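Undergrad: A structural model of the following input is requested.
(chains A and B)
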Amino acid sequence: MASKTAINTVDQAVISQGLIAAAREMGVKLVRSAYSPVVREANDCSAALLDRHGNVVAQAELIPMQLGPIGATFRPCADLFPTDTLVEGDFYINNDPFEGGQHLQDVFLFSPIFFDGILVGFGATVAHHLDLGGGAPGLNPDATDVHQEGIIFPPSKYNMDHDWHGGPLERLIRANIRVPDQTIGDFNAQFAANGIGGRRMQDLCARFGPDVVMRAMDELLDYSERRMRAAIAELPDGVYEGEDYLDDDGISDQPLLVKARVEIKGDSVIVDYAGTCDQVVSNVNCPYASTVAAGLSCVKSVLTSPDIPFNEGSKRPIEVRAPYGSILNPRRPAPVRARMLSAYRAYNAVMKALAPSAPEKVIAAGFDSTEIIVLSQLTPDGYKIYLEILGGGYGASAHGDGCDAVDSPLSNCSNVPVEAMDMEYDYFRVEDYSLVADSGGAGKYRGGLGFQRRYHILADNVTFATYSDRFRLAPEGLFGGADGVCASTQVLRGDQVIELPSKVSYPLQKGDILVARTGGGAGYGNVDERLEADVARDLAEGFIRRAEAAE
Amino acid sequence: MRVGVEVGGTFTDLVAIENGRVRVAKVPSVPARPDEGAMASLAAGGIDLTAVEDLVHGSTVATNAILERKGAPVALLTTRGFRDVLFLQRHNRTQIYDLFYKKPEPVLARRDILEIDERMSGQGVVVEALDEAATAARLAKFLGTGRFQSVAICLLNAYAEPKHERRLAAMVAAQFPDLTITCSADVTREFREYERTSTTTLAAYVQPVIDSYLRRFESQLREQKFAGRFSIMQSNGGRLPVAGMSRNAITSLFSGPAAGVMGAVRQAGLSGHGDLITLDMGGTSTDVCLVAGGKPNLSGETEVDGLPIRTPVLDIVTVGAGGGSICWRDDGGMLRVGPESAGADPGPACYGRGGTRPAITDAHMLRGTIRAEAFLGGKMNVNGAASSSVFKLLSEQFDLSLEQMADSAVRVADANIVGAIQLVSTERGRDPRDYVLVPFGGAGPLHAARVAEELGITTILVPPNAGVLSAYGLLASDFLQYETLTRRITLGEGAAEQVQTLFAELKARVTASFRDLGIQGELHYSHSLDMRFIGQAFEITVDIDGGELAGLDADGLLALFNEAHNRVFSFGESGLHRAEIVSFRLGASAPPDVVPALNEGIGDAVLRAAHKIFDQGEWRDCLLLSRAAIGAEASGIPGPALVEDGTSTIFVPQGWTATVDKQDNILLKSEA
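TA: Predicted structure coming up:
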């Protein structure tokens, strides 16, 4: 095959695999050496290797939502502090949602990689930090601007020797956050993972020479682009439209519309979110970089083989537009903490748009929300914060039932084992962790089931904070399938049952039982076509109990 | 006489040792009835069972029971509120973009699970007592249906305090004496409920299968008047007398690859090498394992069919690169090798059994690195023309000549193996250049030198008779058992004393178990601690020298941990966090008697001829040799050379020299 770069087939394959393996190792080590449960148990982080221009060439596959933004967060840093001014020990930092970032909790760090004094690339990591200050521990659902959500690191350059290891930046962060030991520990894990990526890239440069490695990086971008384009070209050209709604903004009851227009033209795709509602006062605004990641993830999941390595090249065939000032591209200083909720509707709208032309490749809507549970307590020894990310049921497809009780598609967080909680936290205890029967929408294939966790509160002065969605508007069934069942949160206090909304902060007291129940996915196809054996199995297993399902 | 019998998927191998003499046999396996293959191998080896003192056996029975879902009908008793742990799993996906994702399927149904009213705290304090009267009635109803053959008991936080599990087990045993009972506390005592419940359930699932298999096997042995000791290989690289399997069947998973590593360790040890990376390359995959000081690295976790198992196993990484691995061009134009494999049937195209896609073995045919006339010692007919025809399309796609294409494919396969070795070495903080590469399996010695070059390894040791190394490993393995315990202890005052007390308890427990199993003589103990900085969730295993244990204080433990953490993660103590111990693991081992070298039937024919191979872009002249021909050259044979050694071929590239040592190991040394 004639290649525009003069690199041989074997070197290309070996260097590509080496870069991908290095990015994976960075991700594994970041998770394994981190301190906060949201990184170490839930894996809410990503790692990547970038070329010297800041293009992501290889990325650890941890969280789809962090696809794309790594490059977007890099560029403002390099514009302000050009890469040719960097020296050993420098790093870029950025978490500004209006400068390519996501929400403040996702802090991006970039460490330059030098080989024989030449800049060859960057090690990059992003981790969700448990607490970055702001108006409440872990999550401030009442924030009306981004400043109430925590500390902003605008695109900046610092140096490990001058500014970290007890230096001014580390001291500044430490003073502005609530659980500094965990947070600084997670930062250190990020820096170490960047260093590991750097060493692996230097090893490749030593074996193949830096010029060959850099050429291989260019070619790897082209490679992913070619594979994406080939997959897109298989779909008929056309313009497709889809829409979905968020329940509300947490303040009023008004549903929030997200609209997508998807244009497939040859081997490229334009996703345009024109017609989406305006930005809101609460934290469900989704920064543009997150919107791009949501659209991109949907197109990639639906159209392409899962083994196309994600990098900047795979983004090239896909353009994502969102009107400035809308909920999917808000103006500063909009609060953005719960951006995932709008990002999911952006994902759903694209999925619905693609459904008629690719019925075998899409899935029905699922719970498709990030439900955050924060239980915090201020003790004489400082803050204690428990934060967990809950998914629900996946939508069903032409190929089978939706997956039960799993993190939602744009994320991939693991649960915190109950035995780990029993070791760490003395102010609550999980007493039930189970599938919710009947929560998946019926169909030829049923939606995946949601699940519930019951937290028994063991102390007074515990604060519960949450955001979630699909409490009122159910995920819609596809091609005749039934809708999924909504999520709910209740506090059982004595004989009282207190129904809580999806986005709220609420004080709890000793003896309360908090029941968080996540939603199921929608069904696919008509239930009359469901195999009797599948119905019988679901009944025998207690996954469904409805009389109508047995008919 | 001592005999090892290893039942693999395709062949059943036997190695017998008598008076320092080694005898080997190889017969086809009988997948549906593995014991038949095993008995056939004894017959083929001409073994008189009345003369056998020691018989060691490894098989795929446990693994297959899980893969084929042919284990015993199993019930699970768990804490109220946690019936769905096996279905919820860890709430993540192993394929993040797969919209049709399915979780690994548990081996039991949801209706096979009974919730018990009780709760233990994470500190091992009773939160809710076990209501025995009510529970007894519910057990009678649930288990009285006769649906089950085996019962797994895994209660929340039982790793910290197992008394509720013990009481439940006693109640079940009293009411249903025929049921096999497995408590989590006897299988794994580490926290994280999904992994522990999965391990316990799988243990209960395979236990009756192993029990009945071994009973059947033993009765056949008795018919032939076998009166010696019968022991079983485990995935941790050691063996246990058959009685030990009555509560440890789960440890017999993956015993074949573990036995291969132990055979390599023993054979390399005879030549004085203890720091090794083993490379077992077969038809569909390659297994690699790092060995330090004669001890293979252990991992605390493994999985079968996606289901996690937490019990110490050899840290073996498998990559889909074998002789049958398919070479292909993906839709982005990248050359790929594996993971798809032509396997043994149809096999590579050159087998002439219908293989139509280019495989690595075909690539070797084209490069001249495998000669048709010497395939499997000349015992199998292969067809080089078929290899050419299946490589034609691929080579056109890449605009390369046939042999350039074949050479490229072999180098990509090498890179895949290099990646696997980096996983067990550099990623674990070990420098591969400090290790000797030990290749075996049909294709290992052919790829070893180029793999070594990529990693900077300068010494390769190729054992003789590498085709039966697993069966040999059975005989070479120690009696070995581990006891593990989760107990969090912050490193500080009094910590060292607690460590010593707990290790002493574990030592007493495992020693008593060994004596119960009739293992006499001196025992060796290994000690390790899983440690982390407080706040982290994953632990690093820190090996503690038994001799230094008594003299270690908390600072000494911290220093050991810090060093290990730094090695793996490239950062250590920052002054922010104190360190803690999470789990304890104590191993007891008893070595078998002296095991002679595996040098039987290696042949003394001297072949020396001129040959051509295509290597790194060009045709090169090389020497074609038999093993005996190397021995004839005191100064060794310089590469490029191809050594045909029974069932495998050793490639000695330019810049390497091959010699044979006194133990009949072939050593390759790089001039680099």
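Undergrad: Wait, a helix at A:Arg24?
TA: Yes - assessed with DSSP: H, G, I helix; E, B strand; the rest coil, A:Arg24 lies in a helix.
Undergrad: Just want the residue of chain A that's nearest chain B.
TA: Residue nearest to chain B within chain A: A:Asp422 (3.1 Å; C-beta to the nearest C-beta). Every C-beta, even on glycine, is put in place using the N, C-alpha and C of the backbone.
Undergrad: Next secondary structure after the helix or strand encompassing that residue?
TA: Taking DSSP states H and E as the definition, one finds A:Asp422 inside helix A:418-424. Where DSSP H and E defines the elements, the next helix or strand beyond helix A:418-424 is strand A:428-435.
Undergrad: just checking, next helix/strand downstream of the longest helix along chain A?
TA: For chain A, the longest helix by residue count, based on DSSP state H, is helix A:180-208. Next along the chain after helix A:180-208, taking DSSP H and E as the criterion, comes helix A:210-233.
Undergrad: now the angle from that next one to helix A:180-208?
TA: 110 degrees (axes from the mean of the first three to the mean of the last three C-alpha atoms, to 10 degrees).
Undergrad: Count residues in the vicinity of the closest residue to A:Asp267 other than its chain neighbours, would you?
TA: Nearest residue to A:Asp267 in three dimensions, chain neighbours excluded: A:Arg229, at 3.7 Å (C-beta to C-beta, 6 or more residues apart in numbering or on different chains). Other residues lying near A:Arg229 total 20 when counted by other C-beta atoms under 10 Å in any protein chain shown.
Undergrad: Next one: A:Arg229 relative to A:Lys361, how far apart?
TA: Going from A:Arg229 to A:Lys361 by C-beta to C-beta, to the nearest Å gives 17 Å.
Undergrad: mind showing which ranges of the chain have poor pLDDT?
TA: Because you didn't say which chain, this covers chain A. A:1-6, A:67, A:546-551 (pLDDT under 70).
Undergrad: other chain: chain B
TA: For chain B, residues meeting the criterion pLDDT under 70 lie at B:376-379, B:599-604.
Undergrad: Walk me through the domains of it.
TA: B:67-211, B:479-590 (automatic domain parsing).
Undergrad: re the thing from before, what's the residue of chain A closest to chain B in contact with, if anything?
TA: A:Arg429, B:Ser121, B:Gly122, B:Leu156, B:Asn157 (C-beta atoms under 8 Å, 6 or more residues apart in numbering or on different chains).
Undergrad: what do you get for A:Ala13?
TA: Counting by C-beta under 8 Å, 6+ apart, A:Ala13 touches B:Met334, B:Leu335, B:Arg336, B:Val412, B:Ala415.
Undergrad: now, which of these lie close to chain A?
TA: The subset of the contacts of A:Ala13 within reach of chain A, by C-beta under 8 Å from any C-beta of the partner chain, is B:Met334, B:Leu335, B:Arg336, B:Val412, B:Ala415.
Undergrad: ok, how many other residues are close to the last one?
TA: Using other C-beta under 10 Å, the number of residues around B:Ala415 comes to 23.
Undergrad: Wait, a helix at it?
TA: Yes - counting by three-state DSSP, B:Ala415 is found in a helix.
Undergrad: How about it: what's its closest non-neighbour residue?
TA: Leaving aside its sequence neighbours, B:Ala415 sits nearest to A:Val14 (C-beta to C-beta, 6+ apart; 4.3 Å).
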